[in-house]
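> what follows is a predicted protein model with its sequence.
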Amino acid sequence: MKSVFLDKSLGMDIREDSITLTLMGKKLRIAEILAGDFIKLKPLTGQDEKAEKHFLNEVNRFLIDNNSWPDSVVVSLPRSLVMFKTFELPAPDEKTVHSMIDFELERHFSSGLENLYYTYQLNKKPGNIFHVASAAIKKEIADYYLELIHKLNLKPSVLDISTFANASLAIPLGAKESGVSALADISSKSLDIVLIKNGIVEFSRSLPWNIFEQNNAFFEKEIKSEYIEKLTKTISKKIIEELEKSLASCQKIEDNEAIEQIYITGAGPFNQSVAKQIEGETEVSTILLDIPESVDASLPESFSTNHMTTAMGLALSGFKNPQFQTNLLPRELRPKIRKSNPKTSLALAAAVLLCLGGWIGSQVHYNNKTLVSLEGQLKEIKGEVSNLEKIDLEYISVQQYVDILNNIDKQYPAKLPLLNKLTQSLPKDTWLTNIKIQKGEMEIKGFSPSASKLVPLIENSPRFKKTGFVGSIIRESAGEKFTIRAKLEPIL
């Protein structure tokens, strides 16, 4: 039986040389991972058209293969492009903090807020102190990535950063408890270190590295055990050094405090060996971020926790408001979509049913009297309509023949009349490269100067219904490349 989802969310974790995709569906009580993909990319700099085309084609293929367009799209950009600051403000209440926050952010982001997309999260501490975790990215950088995503007919609802997506996954594992926890997000080109104290992100730093460049190890599925062991020691040593530096430079962590828990995400095929090595060297409990309890444990073959955990955290934030989430998109760029609350909808439905039940009960007595009267009238006219029974039988016989003909046309549609109708519908400057007709459905592929105008033209024909694009329209030198699918209406 096909599952029915209240909502679908796509997490897109874009890194310097890769993109990870995770598609999730939301049921009433649990979320389910529907598909995932890990795609190697060339750096997206705005100067390499082939790199951009590869990005668009691969993401478009993922969407078409899974035959689903999400309600929410949550994107994170490379952590190295995002500026991250934490500070504290004394204030009597949260409203006061919001009134003074822009002035404080101007002090911390020297490039000026007018050139940035920015946001912040507040956490209240004892003594009317508010902890602010803020993030910002240059507008021209974010706009470049957003424009690429818009070419896929996707509109991001949240522009997040991987730091908060990973922190939201770590909290249920114990990072919210008192004490200091650390999180290491390991990708092929960078390392992100996060320090969490009492459930609050106090520190985040991203640094570049080239440890995985030799033999392209990060992207390999099968690696010799001796090579894993050698590279694991190098990775673990570097992470431990950076954890020590981060701990020393974080002013909000006292000298007598130590890291009590370490969380690892990413690292590709090395994640388990790295976690084990770090725990052995530091004697600190080291845990791999995994699937939370709110997600169905049965996973599709396309999903891998080695690469896709952060993208899963992003997709989850499309369903709810996690404790750590920043939306760098200004309000005017966010989709104007109002999501319904399933629990509220069910409560309203129950109230309506109760009202209907009361109204129906009040009508029972009146309906019984009406039925008695109708039965008397029916007996009087029954003899007058006997001739109509013969007409009904003839109609049923004709209808059976029509149904047989429609079934034959549905299974084996006559192609020549369909092609004639299609030729009459399409403009002369449009040409087709592929036509497929089978079992009540037609799919065409081709090129047109303006592909968006084709759907209403085809829909005008009585033989074609529920016409729509499959995937996105891709602009090429020959014109706009399109794929259109339509249902075939029976002749009779």
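Thanks, I have it. Everything quoted here is computed from the prediction, not taken from an experiment.
> how about the host helix or strand of residue 237: buried residues?
Applying DSSP states H and E as the criterion places residue 237 in helix 225-249. Residues of helix 225-249 classed as buried: 228, 231, 232, 235, 236, 238, 239, 240, 242, 243, 246, 247 (neighbour count, 16 or more other C-beta atoms under 10 Å). For glycine as for every other residue, the C-beta is placed from the backbone atoms N, C-alpha and C.
> show the subsequent helix or strand relative to it.
Later in the chain than helix 225-249, the nearest helix or strand by DSSP H and E is strand 259-266.
> and the nearest residue to residue 435 once chain neighbours are set aside, how far from residue 22?
Nearest non-adjacent residue to residue 435, counting by C-beta to C-beta, 6 or more residues apart in numbering: residue 444, 5.3 Å away. Distance, residue 444 to residue 22, using C-beta to C-beta, to the nearest Å: 32 Å.
> next one: residue 169
Where residue 22 is concerned, residue 169 sits at a distance of 12 Å (C-beta to C-beta).
> which one of those two has more residues nearby?
Ranked by neighbour count (other C-beta atoms under 10 Å), residue 169 and residue 22 place residue 22 first, with 28 against 24.
> is the more buried one part of a helix or strand, or is it coil?
The three-state assignment at residue 22 reads strand, by DSSP: H, G, I helix; E, B strand; the rest coil.
> and it, what does it touch?
10, 11, 13, 33, 35, 36, 303, 308, 311, 312, 314, 315 (C-beta atoms under 8 Å, 6 or more residues apart in numbering).
> wait, which of those residues is closest to residue 418?
Of all the contacts of residue 22, residue 35 has the smallest distance to residue 418: 33.4 Å, by C-beta to C-beta.
> over to that closest one: give its phi and psi.
Here is the backbone geometry of residue 35 (degrees, to the nearest 10): phi -170, psi 160.
> what pairs with it across the strands?
residue 23 (DSSP bridges).
> residues near it, how many?
With other C-beta under 10 Å as criterion, residue 35 counts 21.
> returning to that earlier point: touching, the residue nearest to residue 435 and residue 484? I think so.
Yes - Residue 444 lies in contact with residue 484 (C-beta atoms under 8 Å); the separation is 5.3 Å.
> low-confidence bits of the stretch 151-300 of the chain, can you list those?
174-178, 213-215, 221-222, 224, 226 (pLDDT under 70).
> all helices of it, in order?
162-170, 225-249, 271-282 (DSSP state H, counting those that start in this stretch).
> nearest to residue 419, out of the ones you listed?
Across those, closest to residue 419 is helix 162-170 (C-beta to C-beta), at 50.0 Å.
> contacting residues for residue 458?
Taking C-beta under 8 Å, 6+ apart, one finds 422, 425, 426, 464, 467, 484, 486 in contact with residue 458.
> now do the SS call for it.
Following three-state DSSP, the label given to residue 458 is helix.
> separation between the closest residue in space to residue 442 that isn't next to it in sequence and residue 423?
Counting by C-beta to C-beta, 6+ apart, residue 442 lies nearest to residue 486, which is 5.2 Å off, once chain neighbours are set aside. Shown here: residue 486 relative to residue 423, a distance of 15 Å by C-beta to C-beta.
> so which of these two has more stuff around it?
More crowded of residue 486 and residue 423, by other C-beta under 10 Å: residue 486, with 20 against 10.
> walk me through the domains of this structure.
Per automatic domain parsing, the structural domains of the chain span 7-333, 347-408, 415-488.
> tell me which of those sits most buried.
Ranked by mean neighbour count, the domains of the chain are led by domain 7-333 with a mean of 18 (mean count of other C-beta atoms under 10 Å).
> and it, how far apart are its ends?
Domain 7-333 stretches 21 Å from its first residue to its last (C-alpha to C-alpha, to the nearest Å).
> can you check stretch 252-270 too?
32 Å.
> again with stretch 58-75
For stretch 58-75, the end-to-end distance is 16 Å (C-alpha to C-alpha).
> run through who's touching it.
So stretch 58-75 is contacted by 7-12, 14, 19, 21, 23, 34-35, 37, 39, 41, 145, 149, 152-160, 314-315, 317-319, 337, 339, 470-472, 474 (C-beta under 8 Å, 6+ apart).
> what's near enough to touch residue 203?
By C-beta under 8 Å, 6+ apart, the neighbours of residue 203 are 86, 193, 194, 195, 246, 249, 250, 252, 253.
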